[in-house]
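**Student:** Have a look at this prediction, sequence included:
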Amino acid sequence: MTLDEKLQLVHGNLTLQNGIGPRNAVGWVPGIPRLGIPDLLYADGSTGVGDTVGSATALPSSIASAASWDLNEANKYGQVIGKEMSAFGLNVNLGGNVNLTAREPRDGRTFETKGEDPILAGRITAAHLKAIQDQYVIAGVKHFAMNDQETARTQSNAVIDERSARESDLLAFEIGLKDSNAQSVMCAYNLMNGIFSCGNNHLLNEVLKGNWDFPGFVFPDWYATPSSVAAALAGLDQEQPGDYMFGGIWASESLATAVQNGDLPVTRLDNMVHRILRAMYAAGVFDHPAQVQPIDASGDAAIAQEVEEQGAVLLKNDGRQLPLSAASVGSIAVIGPHADVGVLSGGGSAQVFPMGGAALTLPPECPPYTPSPGGLACTTAFEIYDPSSPLAAIRAKAPGVSVTFNDGADSVAAAALAGSSRVAIVFESQWESEGMDLTDLNFSNNQDSLVSAVAAANPHTIVVLESGGPQLMPWLANVSAVLEAWYPGQKGGEAIANILFGSVNPSGKLPITFPASVADLPRPVIPIPNPPTSTAPFDVDYTIDGLNVGYKWYDVQGLTPLFPFGFGLSYTTFMIHNPQLTPDSPITDGFQVSVDLQNTGSVDGAEVVQVYLSFPTGLGEPPKRLVGWSKVRLAAGAQQHVTITVNANDSSHPLSYWDTTANGWVVANGDYTVYVGNSSANLSSAGTFHIGP
Ligand code: BGC
């Protein structure tokens, strides 16, 4: 290859002026016909192929996929994205957001993530990415690393110690990459410990390429390249989407000059090129070029519906209010903004423009503080409703039943309708988006007072939530049932109706803790620059929660959340009997936990058996860590022996802690206890083991 050919591969070809490439790609590296190297065409695709490309299947939000706790289901989710990417003729996917934004549950991108636990998030992400790459589309994780708040994301400096990082956010990335063989990594806008992620030698060279042996290539979040030669030496392999730093427009020295005068060893440029080409071969981009073809809209829509049916979480169901029976329900009032036309989706680059077109497009609700230089301005985003009407789907489930609608704008009228109906179903939704965080965890636009008014008028009030993450529920004690539907995707209305009427038995479990109050968060107030107009880096202190993200934080602080991690109800009941612990020989290889799981109710259903481990005291580990789980489907009355294997040598390091002195994962001597149950807050001991003399 000539020097020019090498340089051509290490940067994108789009600029601020021409932001969209061939096939509407958001990133484009022109190929080299002389050498048979094809174009690289990048598109977003966290919850379906991104909206710049065209109409695609709007899947439920990624957090709904995580809430299924089902890797097969997650594989199908990734397949839809991979197949549609390929059908658009694109070959690099920019999904894979695996940041643990539960550190900041108001984070506007929580809907794109896979929750708060590094093992659950890492494995669900890996299942997505492997399925995408199985379609010959290069997959990757983002935004590496600690990109856990959107507020001032291009200047926030994540402060965290090495052990805490390795055992939390970095572990999620490690599992996501190792279990999928994904070939790309997008580094983040923010700084980590004072250094921009995309010029961070420790993150890119030492951790990613050194410790994890990552063979693929690293490119920046859009325009996040902090320097030219320095970033390349720190491990950045490609600039995106243009050639501003590497080309020397914003930097004092271009890579071309640096190679010629020796500031950048040509071996490093060769390595950058090698990593890109190798990734293209590994993913099959050379051998299986993407062919533009029609999307399997109905097949993919069916998967979207299935994912939602597996990922919606039933949070409350007093007096068996649900499922509803069409034969006996009598009359139903459906209440809530836009529940007659569609379901809400999340905004920003993960926004999908749904097949069939949006049911509704609204201007965004911008929070008061949204500076996001280099990123999205709130005013350029839209609130898009996917074309799946909950009202129509409920009517279809209950032919002959009086189903009336009120949009909730006037809560007195809505309450009056609820009072004259046997059952009231209120849809509450909270939009969130990339580029901004939520101001708080309350539903906006007086929706909480609407629910309270309806609940006061009707004791059979069911609330369906469409949110990207946790929300507060001040009315919780006064309603009879709550279903967390997340952003439910383009078959969301049908999926929700199937659950409400019992055609589907809910089996989702929370992949993220729902706090009782923002006062309980590690940072009750979202950190902002000081003064607010400053463009200088400012610290976000993640040493407060450290390695204790999500349920680990609530455990350590002794706080009771509104709903715990791992929690979710079913229309049937399960019993977990005879927990047994079988240590491997040697125990440092891992262990097996087995239980007899019985469906003790009268309908078929699925339960997620969860295994947690507590470490020797004094080690600084959280009170418990999720180390394994199994989602089991059981017919009414049936019983099954379930075994969960915890392999100490897999990518999740389940028996180890990060030892800063050894600079590696270490198994400590001492006493361990294994817990098993169906939520992080409902566990019993399966046994103990001892390591060491
Ligand atoms: C987002 C990335 C996205 C990129 C390209 C950025 O604003 O942070 O997640 O992949 O744009 O659209």
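**Tutor:** Thanks, I have the structure now.

**Student:** Can you report phi and psi for the closest residue to residue 169 other than its chain neighbours?
**Tutor:** Once flanking residues are discounted, residue 169 sits nearest to residue 100: 4.9 Å by CB to CB, 6 or more residues apart in numbering. In this view, the C-beta of every residue, glycine as well, is placed from N, C-alpha and C. For residue 100, the backbone dihedrals (degrees, to the nearest 10) come out as phi -90, psi 70.

**Student:** neighbours around residue 100, how many?
**Tutor:** 31 (other CB atoms under 10 Å).

**Student:** how about the strands in the stretch 251-400 of the chain?
**Tutor:** 313-317, 331-335, 343-344, 353-354, 360-362, 383-386 (DSSP state E, counting those that start in this stretch).

**Student:** circling back: quick one: the residue nearest to residue 169 and the ligand, what's the gap?
**Tutor:** According to CB to the nearest ligand atom, to the nearest Å, residue 100 and the ligand sit 16 Å apart.

**Student:** next one: residue 64
**Tutor:** Distance from residue 64 to the ligand, by CB to the nearest ligand atom: 19 Å.

**Student:** from the chain's centre, how far out does the one helix or strand that residue maps to sit?
**Tutor:** Assigned by DSSP states H and E, residue 64 falls within helix 62-67. Relative to its chain's centre, helix 62-67 lies at 6 Å (CA atoms, centre = their mean, to the nearest Å).

**Student:** Ok, stretch 401-412 next?
**Tutor:** 33 Å.

**Student:** Check which residues of it are buried.
**Tutor:** 401, 403, 405-408, 411 (16 or more other CB atoms under 10 Å).

**Student:** In the stretch 551-693 of the chain, what residue comes closest to the ligand?
**Tutor:** Closest residue of the stretch 551-693 of the chain to the ligand, CB to the nearest ligand atom: residue 651 (23.6 Å).

**Student:** Mind checking what secondary structure that residue has?
**Tutor:** coil (DSSP: H, G, I helix; E, B strand; the rest coil).

**Student:** Just give me the neighbour total for it.
**Tutor:** By other CB under 10 Å, neighbour count at residue 651 equals 19.

**Student:** any idea how far residue 175 is from it?
**Tutor:** 5 Å (CB to CB, to the nearest Å).

**Student:** quick one: common contacting residues for these two?
**Tutor:** residue 122 (CB atoms under 8 Å, 6 or more residues apart in numbering).

**Student:** Ranking helices and strands of the chain by mean pLDDT, which lands last?
**Tutor:** strand 360-362 (a mean of 95; mean pLDDT, DSSP states H and E).

**Student:** Quick one: list the elements packing against it.
**Tutor:** strand 383-386 (3 or more CB pairs under 8 Å, 6 or more residues apart in numbering; DSSP states H and E).

**Student:** by contact count, what packs against the strand it packs on?
**Tutor:** Contacts defined by 3+ CB pairs under 8 Å, 6+ apart place strand 383-386 against strand 343-344, strand 353-354, strand 360-362.

**Student:** Out of these, which is the most enclosed?
**Tutor:** Neighbour counts (mean count of other CB atoms under 10 Å) averaged over each of those peak at strand 343-344, with a mean of 32.

**Student:** can you tell me which residues contact the residue nearest in space to the middle of the chain?
**Tutor:** Centrality entry for the chain: nearest residue to the mean C-alpha point is residue 113, 1.5 Å, by CA atoms, centre = their mean. Residue 113 makes contact with 62-63, 66, 97-102, 121, according to CB under 8 Å, 6+ apart.

**Student:** Repeat that for residue 656.
**Tutor:** Contacts of residue 656 (CB under 8 Å, 6+ apart): 648, 665-667.

**Student:** repeat for residue 104
**Tutor:** 148-149, 437, 521, 523, 526.

**Student:** before we move on, back to that, of all the helices and strands packed on strand 383-386, which lies closest to residue 296?
**Tutor:** The closest of these to residue 296 is strand 353-354. By CB to CB, the value is 15.1 Å.

**Student:** How about the residues of the protein by the ligand?
**Tutor:** Proximity of the chain to the ligand (CB under 6 Å from any ligand atom) is limited to residues 26, 44, 94, 142, 221-222, 349, 375, 434.

**Student:** Okay, and which of those map to strands?
**Tutor:** residue 142 (DSSP state E).

**Student:** Dump the residues of the chain next to the ligand to CSV, plus pLDDT.
**Tutor:** Shown next, in CSV, are the residues of the chain next to the ligand (pLDDT from 0 to 100):
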residue, pLDDT
26, 95
44, 97
94, 98
142, 98
221, 97
222, 95
349, 94
375, 47
434, 93
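
**Student:** Which of the residues of the chain next to the ligand sits closest to residue 277?
**Tutor:** Using CB to CB, residue 94 comes nearest to residue 277 of the residues of the chain next to the ligand, at 19.5 Å.

**Student:** hang on, the closest one packs against residue 141?
**Tutor:** No. The criterion here is CB atoms under 8 Å, and residue 94 misses it with residue 141 at 10.3 Å.

**Student:** Can you check which residues contact both of those two?
**Tutor:** Common neighbours of residue 94 and residue 141 (CB under 8 Å, 6+ apart) are residue 186.

**Student:** low-scoring stretches of this protein, by residue?
**Tutor:** By pLDDT under 70, the low-scoring segments of the chain are 368-377, 379.

**Student:** what about the helices in the stretch 401-550 of the chain?
**Tutor:** Along the stretch 401-550 of the chain, counting by DSSP state H, counting those that start in this stretch, helices occupy 411-419, 447-457, 492-500.

**Student:** Deepest-packed of the ones you listed, please.
**Tutor:** Most buried of the helices of the stretch 401-550 of the chain, by mean neighbour count (mean count of other CB under 10 Å): helix 492-500, with a mean of 27.

**Student:** Can you get me the centre-to-centre distance for that one and its chain?
**Tutor:** 22 Å.

**Student:** and the angle for it with strand 331-335?
**Tutor:** If you take axes from the mean of the first three to the mean of the last three CA atoms, to 10 degrees, helix 492-500 sits at 140 degrees to strand 331-335.

**Student:** So which residues make contact with helix 492-500?
**Tutor:** 60, 305, 308-309, 312, 314, 322-324, 342-343, 386, 388-394, 396-397, 425, 462, 464, 466, 483, 485, 488-489, 504-506.

**Student:** Now list the buried members of the residues you listed.
**Tutor:** 60, 305, 308-309, 312, 314, 322-324, 342-343, 386, 388-394, 397, 425, 462, 464, 466, 483, 485, 488-489, 504-506.

**Student:** if we can go back for a sec, for the helix holding residue 64, buried residues please.
**Tutor:** 62-67.
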